[in-house]
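Trainee: Here is a sequence with its predicted model. Questions after.
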Amino acid sequence: MRELFLPLRSNSSWFSTTSTRDRLERQIKVNLVLYDRLIVQDGRYRITAGTDGQGMDMLLPTNKCGDDRKSISFYEPGGKFGVRLGDKVLLQSESYVSYDVDFYPIFYDAGLLDAEYIEWRPIDLTAQHQREADQQAEEDSRNDQLNGILPENSYLRGAILRAIYRDSFLAHSLRTPFCVDSAVAPVVQWKQRLGKTAWLHELPPIFFDCWVKLDLPDFSSYSWEEVRRVRESGAGADLRMMMDRTLAQIEDALPNISDQREISELVALGMSKELIREVDARRSRAAGTVVNLALNWLPLPFFGGALAGTVKDLQSLWNERGSWLSLTGNRNKSTSGE
């Protein structure tokens with residue numbers, strides 16, 4: 001089962017504006033189709049970084065999030081914030097960024113709060129594990145290679161690194177990859193290059209990138225209801241199984257791969273093989289039914305013209321419920337089958 005963890009801290013910058021939150025929603029729609037289950041960190045995370053390098057952040061448990069979690073606030077930079085204890089001012093600054101981070105409103109609007117394939121986990125690290133994660137973050141914060149990758153604001157720089165390590169610890173305990181925002185992703189890529197980490201957790205996004213480049217349906221543009229129908233349909237389940245088969249074929253090659261381009265080529269090859277497997281399976285079951293493939297639909301230089309003479313009509317596969325190929329046809333057809 002392929003699962004994906006959605007932590008709060010490492011997705012903070014998605015909540016900087018309504019526009020970036022919309023981008024997060026598009027990503028979640030894709031993840032709902034590609035993964036068997038999403039594990040969502042329950043609670044609300046708040047972070048404010050000051051222009052002078054001061055800041056504050058906190059992870060609120062579910063019982064401290066207030067009675068109504070159906071909306072979140074978006075803050076403009078420049079607002080005043082501070083902490084006072086009695087007459088003593090402990091912190092006072094002007095905000096550089098301020099985020100209110102909570103997945104609950106998104107899934108509430110989508111009508112998916114109770115979906116069985118979304119698991120809410122009100123989890124965080126123990127104090128000891130937080131110290132260990134923060135120590136590693138502190139070591140990285142002094143690395144000059146991160147200049148230009150991390151923001152110059154010292155509080156936000158430290159918060160991003162702490163988020164990566166804390167959420168990495170959580171993801172490791174869940175034995176899942178985790179989703180991050182555009183501010184965190186470059187640091188993750190830097191750590192991968194530094195440690196020569198395998199590309200295993202990158203495979204589903206690369207798979208979908210190949211899928212969309214082939215002019216196949218972009219689930220991120222679907223309505224929540226359409227996404228739900230695809231996710232819960234037999235064709236959607238078959239797509240996830242096809243992705244698993246495709247990616248399993250290339251996982252052994254990952255340690256020897258140097259860049260994403262090579263992975264994309266292997267994924268495209270695997271998808272092509274899956275298409276031919278589908279075609280052959282149906283031809284063997286229904287003699288006389290020959291399937292036509294438009295050769296610009298998939299990059300097939302490795303099959304040459306051999307396929308062209310044997311394929312005739314892809315529409316017959318589009319109309320078959322249950323096959324992932326039905327998702328490549330008309331949108332109404334792709335979301336109507338079970």
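Mentor: Nice, I can see it.
Trainee: Identify the single longest strand in this structure, thanks.
Mentor: With DSSP state E applied, the strand covering the greatest number of residues in the chain is identified as strand 88-101.
Trainee: Compute the mean per-residue pLDDT across that one, please.
Mentor: Within the predicted structure, the mean pLDDT of strand 88-101 is 89.
Trainee: what's it in contact with?
Mentor: Outside of strand 88-101, the residues within contact range by Cβ atoms under 8 Å, 6 or more residues apart in numbering are 8-9, 11-16, 44-52, 54-56, 72-75, 77-84, 153, 155-156. Every C-beta, even on glycine, is put in place using the N, C-alpha and C of the backbone.
Trainee: what bits of the chain have low per-residue confidence?
Mentor: In the prediction, the chain carries residues with pLDDT under 70 at positions 1, 193-202, 258, 279-323, 325-326, 328-338.
Trainee: again, 80 this time
Mentor: By pLDDT under 80, the weakly predicted segments of the chain are 1, 66-67, 84-87, 89-90, 189, 191-203, 213-216, 251-260, 275-338.
Trainee: That one: helices as residue ranges?
Mentor: Ranges of helices in the chain, per DSSP state H, are 18-34, 104-110, 127-141, 154-174, 185-195, 203-213, 224-232, 234-248, 260-285, 315-318, 331-334.
Trainee: D209 contacts A268, correct?
Mentor: No - using Cβ atoms under 8 Å, D209 makes no contact with A268, being 10.1 Å away.
Trainee: Who has more neighbours out of those two?
Mentor: It is A268, of D209 and A268, that has more neighbours when counted by other Cβ atoms under 10 Å, with 21 against 15.
Trainee: ChimeraX command for the buried members of the contacts of strand 88-101?
Mentor: The following ChimeraX command selects only the buried members of the contacts of strand 88-101, with burial defined by 16 or more other Cβ atoms under 10 Å:
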select :8,9,11,12,13,14,15,16,44,45,46,47,48,49,50,54,55,56,72,75,81,153,155,156
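Trainee: about what we covered before: include distance to Y117 when you put the helices of the chain into TSV, please.
Mentor: Formatted as TSV, the helices of the chain follow (distance: least, Cβ to Cβ, whole Å):
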stretch	distance to Y117
helix 18-34	8
helix 104-110	11
helix 127-141	28
helix 154-174	15
helix 185-195	25
helix 203-213	15
helix 224-232	7
helix 234-248	11
helix 260-285	23
helix 315-318	25
helix 331-334	19
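Trainee: Out of the ones you listed, which is closest to D67?
Mentor: When the helices of the chain are compared by Cβ to Cβ, helix 104-110 sits nearest D67, at 12.3 Å.
Trainee: Quick one: distance of that closest one to the chain centre.
Mentor: With Cα atoms, centre = their mean, to the nearest Å as the basis, the distance from the averaged C-alpha position of helix 104-110 to the chain average is 17 Å.
Trainee: Show me which residues of that helix are buried.
Mentor: 104-107, 110.
Trainee: List the contacts of that helix.
Mentor: Helix 104-110 has contacts (Cβ under 8 Å, 6+ apart) with 21, 24-25, 28, 40, 42, 44, 65, 69-72, 113, 115, 118, 224, 227-228.
Trainee: out of those residues, which are buried?
Mentor: Of the members of the contacts of helix 104-110, the ones counted as buried by neighbours, 16+ other Cβ under 10 Å, are 21, 24-25, 28, 40, 42, 44, 69, 72, 115, 118, 224, 227-228.
Trainee: what about E3, how many neighbours?
Mentor: Other residues within reach of E3, judged by other Cβ under 10 Å, total 17.
Trainee: residues in contact with it?
Mentor: With contacts taken as Cβ under 8 Å, 6+ apart, E3 has the following neighbours: 35-39, 174, 176.
Trainee: If any of the residues you listed are buried, give me the PyMOL selection for them.
Mentor: Entered in PyMOL, the line below selects the buried ones among the contacts of E3, by 16+ other Cβ under 10 Å:
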select buried, resi 35+37+38+39+174+176
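Trainee: Sounds good, over and out.
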